[in-house]
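S.K.: Need coordinates for the following:
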Amino acid sequence: MSKTRLILTALSALSTSAFAAQSVNVYTEEFFGADWGPGLEIKNVFEKANPQCQIHYTVFEQTSTLLNRLRLEKNKTQADLVLGLHEQQLEAAEKTGLFEKINFDFNQLDLPESWKNPYFIPYEFGQFAFIYDKTKLTNPPKSLQELVERQDLRVIYQDPRTSSMGRGLVAWMNLVFGENQIQQAWEKLAKHTVTVGKGWTETYGAFLKGEADLVLSHNTSPLYHLLKEQKDHYAATQFTEGAIYQYTTAAKIAHRNNACADRFLQFIFTPEAQKIITPKNVMLSAISAEIEPHFDALKQSQKASKTLDSSRVTESALKSWIATWQQVLSK
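M.R.: Residues are numbered from 1 along each chain as shown. Just a heads-up that it's a prediction; the model follows:
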């Protein structure tokens, strides 16, 4: 074998070895990593621009399952990045000690609330709301209190023990009704609740079949029907007490020293990636950029809406609030 061929063979082996070392293992939830989510397209676009990097997803049906996997694996986790944890889970996630601060320019963010957590950065967000069909419900509730008290309304929402959406409602209810009125509020709501489902998919599906007048979701849901189905008869409530938000975050496992993981994490927050994520996840972009006219207009309009102070929504508070909810429903 010639000297030149030996050198080329050695360089080829080195290149293959370097490429293999640039794999990025991403733990994520199904709304990102499933076939119908934005994950595959994000992966393809990123890998085309960064051929030395290869993205691998491990997809979990629930973010609670994802978090439990991390707790079990501890320092032996195979993850480099974690996409999908919500704000109610961040306190518990941080306690694992697995994450490190992200080198991130917070000026990129455009959120309804100030964000200061350097371990978990939101890449999308949505305002909790109840969705209804305007052709069937002509007098929707104007407040959370009205929703609770009106026994003519059939309501569906998600179980807070298995769903981040359900935990969002628990937080919302407690912020509005407080310790002295919350038990009575749950009792009233229970009387006209059709079902409490495991997750968003089954509950929203039941609503679309006509099993309820209102279903808990995000106020972006009507945009899905408008843009994907050309249906404009779905609407979202805007309650007078104020709104709370759900934030979906990106995080980095500590001590990985993976340049491709760092690059992919930064890519998630570019307009190119956000233009894929926003319409597929039907959420609002977390960055300050023009993404899609309908979503941009909704995001702009929300800036004028009242936002409830969610600083009281801690891990211990949620556990106590969910226990109260469970006690009321078990009667």
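
S.K.: Residue ranges in this protein under the pLDDT threshold?
M.R.: 1-21 (pLDDT under 70).

S.K.: In it, mark out all the strands, start to finish.
M.R.: Assigned by DSSP state E, the strands in the chain fall at 23-29, 54-60, 81-86, 99-100, 120-133, 155-158, 193-197, 214-218, 234-236, 245-253, 284-285.

S.K.: Ranking these by mean neighbour count, which comes first?
M.R.: The highest average neighbour count among the strands of the chain, using mean count of other CB atoms under 10 Å, belongs to strand 284-285 at a mean of 27. C-betas here are computed from N, CA, C, even on glycine.

S.K.: Next one: L83 relative to A297, how far apart?
M.R.: Distance, L83 to A297, by CB to CB, to the nearest Å: 26 Å.

S.K.: what's around H192, how many residues?
M.R.: Other residues lying near H192 total 17 when counted by other CB atoms under 10 Å.

S.K.: Leaving out chain neighbours, which residue sits closest to the residue sitting nearest the centre point of the chain?
M.R.: Central residue check for the chain by CA atoms, centre = their mean: the C-alpha nearest the mean position is that of T248, 3.5 Å away. What sits nearest to T248 in space, not counting adjacent residues and going by CB to CB, 6 or more residues apart in numbering, is E124, at 4.9 Å.

S.K.: cool, and C260?
M.R.: In space, C260 is closest to C53, 3.6 Å off (CB to CB, 6+ apart).

S.K.: Then I287?
M.R.: Using CB to CB, 6+ apart, the nearest residue to I287 is Q108, at 5.1 Å.

S.K.: contacting residues around stretch 109-122?
M.R.: 85, 87, 90, 93-94, 99-102, 104, 106, 125, 127, 243, 245, 247-251, 269, 285-289, 299, 302-303, 305, 307, 310 (CB atoms under 8 Å, 6 or more residues apart in numbering).

S.K.: Compare the strands of the chain and give me the one nearest I277.
M.R.: For I277, the closest of those is strand 120-133, at 6.0 Å, according to CB to CB.

S.K.: partners of that closest one, with directions?
M.R.: strand 214-218 (antiparallel), strand 234-236 (antiparallel), strand 245-253 (antiparallel), strand 284-285 (antiparallel) (DSSP bridges).

S.K.: Pipe the strands of the chain into TSV and attach distance to I277 per row.
M.R.: Below are the strands of the chain laid out as TSV (distance: least, CB to CB, whole Å):
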stretch	distance to I277
strand 23-29	12
strand 54-60	14
strand 81-86	10
strand 99-100	21
strand 120-133	6
strand 155-158	22
strand 193-197	25
strand 214-218	14
strand 234-236	20
strand 245-253	9
strand 284-285	7
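
S.K.: Out of these, the one nearest T314 is which?
M.R.: strand 81-86 (14.0 Å).

S.K.: Now do the closest one and strand 245-253, the angle between them.
M.R.: If you take axes from the mean of the first three to the mean of the last three CA atoms, to 10 degrees, strand 81-86 sits at 160 degrees to strand 245-253.

S.K.: circling back: looking at the strands paired with strand 120-133, which is closest to L40?
M.R.: The nearest among the strands paired with strand 120-133, by CB to CB, is strand 245-253 at 17.1 Å.

S.K.: Could you pull up the residues touching the residue nearest to K280 when sequence neighbours are not counted?
M.R.: Counting by CB to CB, 6+ apart, K280 lies nearest to P38, which is 4.1 Å off, once chain neighbours are set aside. Taking CB under 8 Å, 6+ apart, we find P38 in contact with F32, I276, I277, K280, N281.

S.K.: Tell me the one among those residues nearest to L189.
M.R.: Closest to L189, out of all of the contacts of P38 and judged by CB to CB, is N281, at 28.0 Å.

S.K.: Report the contact partners of that closest one.
M.R.: Per CB under 8 Å, 6+ apart, neighbours of N281: F31, F32, G37, P38, E124, T248.

S.K.: these two touch, right, T58 and D80?
M.R.: No. Using CB atoms under 8 Å, T58 and D80 do not qualify as a contacting pair, with a distance of 10.7 Å.

S.K.: Overlap of the contact sets of the two?
M.R.: With CB under 8 Å, 6+ apart as the test, T58 and D80 both reach N25, V26.

S.K.: quick revisit: the residue nearest to T248 is in contact with I287, isn't it?
M.R.: No. With contact defined as CB under 8 Å, E124 does not reach I287; the gap is 9.5 Å.

S.K.: distance of L189 from Q327?
M.R.: For L189, the distance to Q327 - CB to CB - is 14 Å.

S.K.: The two - which one has more neighbours?
M.R.: Just comparing L189 and Q327: by other CB under 10 Å the higher neighbour count belongs to L189, 23 against 11.
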